[in-house]
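K.L.:
what's the 3D shape of this:
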Amino acid sequence: MKRMFVALDLPLGLRERIFSSPGFDKGKYSGISWVSPENMHLTLKFLGDVPEEKVKAISDALARIASHHRPVGVSYGGFGRFGRGGSAGAIWVGASDRSGKLAALAGDIEGSLEGLGFAREGRPFSPHLTVCRVREGSNLPSWEEIRPLFNDVREDVLHEGFSLYESELTPRGPIYTRAGWFGFKRD
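P.N.:
Numbers count the residues shown, from 1 in each chain. As a prediction, this is how the structure comes out:
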């Protein structure tokens, strides 16, 4: 079994700028699981545990999908949080696409992989970049206190394709290995 997901890759500069605010100190807060810049991505579909014999069929389906889509422009920027009240269960950077191409791509991936036995998401596609996850009982201050620590990054990225990743969970955090890259149709 391989733990896998489908994602858009991000330029290194964007990933690094998210954590470059003056005074930002990851070590100051306990109970926080920070995403390392090299692992930051925009998830299109989380697959979970995948039997080895299904990987080729997944890759073939993703190649077909990519051949029907053109490059996708995504605007990244603005921070938000998942959580209730003044707490944050996760902090994220927003991602948007006014053309609807990003949602169409995610929908095609969802539909195609459903035919291979992967259940549809139970909630609507909500594109974002996860910056950190907060464990219960952590010492993270209120959202109002921590929000100014993050750079309000604004960047438009033209994605030329997407990737299939394998995720190995380790005590030091996940290790992502690209299992395939699928370039979009060009004019």
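
K.L.:
List the buried residues in stretch 60-72.
P.N.:
For stretch 60-72, the neighbour count (16 or more other C-beta atoms under 10 Å) marks 61-62, 65-66, 69, 72 as buried. No exception for glycine: its C-beta is placed from N, CA and C like everyone else's.

K.L.:
now do stretch 3-22
P.N.:
For stretch 3-22, using 16+ other C-beta under 10 Å, the buried residues are 3-10, 14-15, 17-19.

K.L.:
Turn the residues you listed into a markdown table, including pLDDT, distance to residue 174 and secondary structure.
P.N.:
As requested, the buried residues of stretch 3-22 are exported to a markdown table (pLDDT from 0 to 100; distance: C-beta to C-beta, whole Å; DSSP: H, G, I helix; E, B strand; the rest coil):
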| residue | pLDDT | distance to residue 174 | secondary structure |
| --- | --- | --- | --- |
| 3 | 96 | 9 | strand |
| 4 | 97 | 12 | strand |
| 5 | 97 | 10 | strand |
| 6 | 98 | 15 | strand |
| 7 | 98 | 12 | strand |
| 8 | 98 | 17 | strand |
| 9 | 96 | 15 | coil |
| 10 | 94 | 16 | coil |
| 14 | 88 | 20 | helix |
| 15 | 85 | 15 | helix |
| 17 | 82 | 22 | helix |
| 18 | 79 | 18 | helix |
| 19 | 72 | 17 | coil |
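
K.L.:
which regions of the protein sit below the pLDDT cut-off?
P.N.:
Applying pLDDT under 70 to the chain flags the ranges 21-26, 29, 83-88, 136-143, 146, 148-151, 187.
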